[in-house]
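Undergrad: with the sequence up front, the predicted model follows.
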Amino acid sequence: MKKMFLFLIIASAISCGKKVSQENVSTAPKDQPKEAVVGADSDSHGCKASAGYTWSVLKNECIRVFENSTRLNHAEDGKTYSTVSYVIFDGNKAELFLDTQKESIILERKSEGDSWVNGDWQLIPWKGYVLKKAGKILYTGE
């Protein structure tokens, strides 16, 4: 009887131990989520947006538009904006980086003192700069 009782205790202990280990296995996450690597966000040109770089068609390289560019603010329309846009110049060309556009816009002017134009976009050098689209003032800057 003692042997039978001892056998039941050992069998019961093994059974409980196996159940606990199976529970631990089933509650453990199977796949660890992949961590995003900071700085691994290069675009098709190799520009890293997380470091502030974007591709410039005019300069043919990755640039930080907030460095060595002209800042354009939204024209006063009674609204408060938390974004700005930028323009860089190279000879008679200007490249617009607008917060409302995915791609930059290249404008050209015919001669010194003229406005830079591309379709219905017009960048006018007046008291700094005024950017219009279809005759409506959208941005101003110095």
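TA: On my side now, so go ahead.

Undergrad: C-alpha from now on. contacts and neighbour counts both.
TA: Noted.

Undergrad: the protein: strands as residue ranges?
TA: 54-56, 61-63, 70-74, 85-90, 93-97, 105-108, 116-118, 121-124, 129-133, 136-141 (DSSP state E).

Undergrad: and the ones you listed, which one's lowest on average pLDDT?
TA: Among the strands of the chain, strand 70-74 has the lowest mean pLDDT, at a mean of 85.

Undergrad: in its sheet, what does that one sit against?
TA: Partners of strand 70-74 in the sheet, by DSSP bridges, are strand 85-90 (antiparallel), strand 136-141 (antiparallel).

Undergrad: any buried residues in the last one, and which?
TA: Judged by neighbour count using 16 or more other Cα atoms under 10 Å, the buried positions of strand 136-141 are 137-141.

Undergrad: let me have the residues you listed in CSV, extended by distance to residue 72.
TA: Shown next, in CSV, are those (distance: Cα to Cα, whole Å):
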residue, distance to residue 72
137, 12
138, 9
139, 6
140, 5
141, 4
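
Undergrad: ok, back up a step: okay, the strands of the chain in a markdown table with distance to residue 45 next?
TA: Conversion of the strands of the chain to a markdown table gives the following (distance: least, Cα to Cα, whole Å):
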| stretch | distance to residue 45 |
| --- | --- |
| strand 54-56 | 7 |
| strand 61-63 | 8 |
| strand 70-74 | 23 |
| strand 85-90 | 19 |
| strand 93-97 | 16 |
| strand 105-108 | 17 |
| strand 116-118 | 24 |
| strand 121-124 | 26 |
| strand 129-133 | 28 |
| strand 136-141 | 28 |
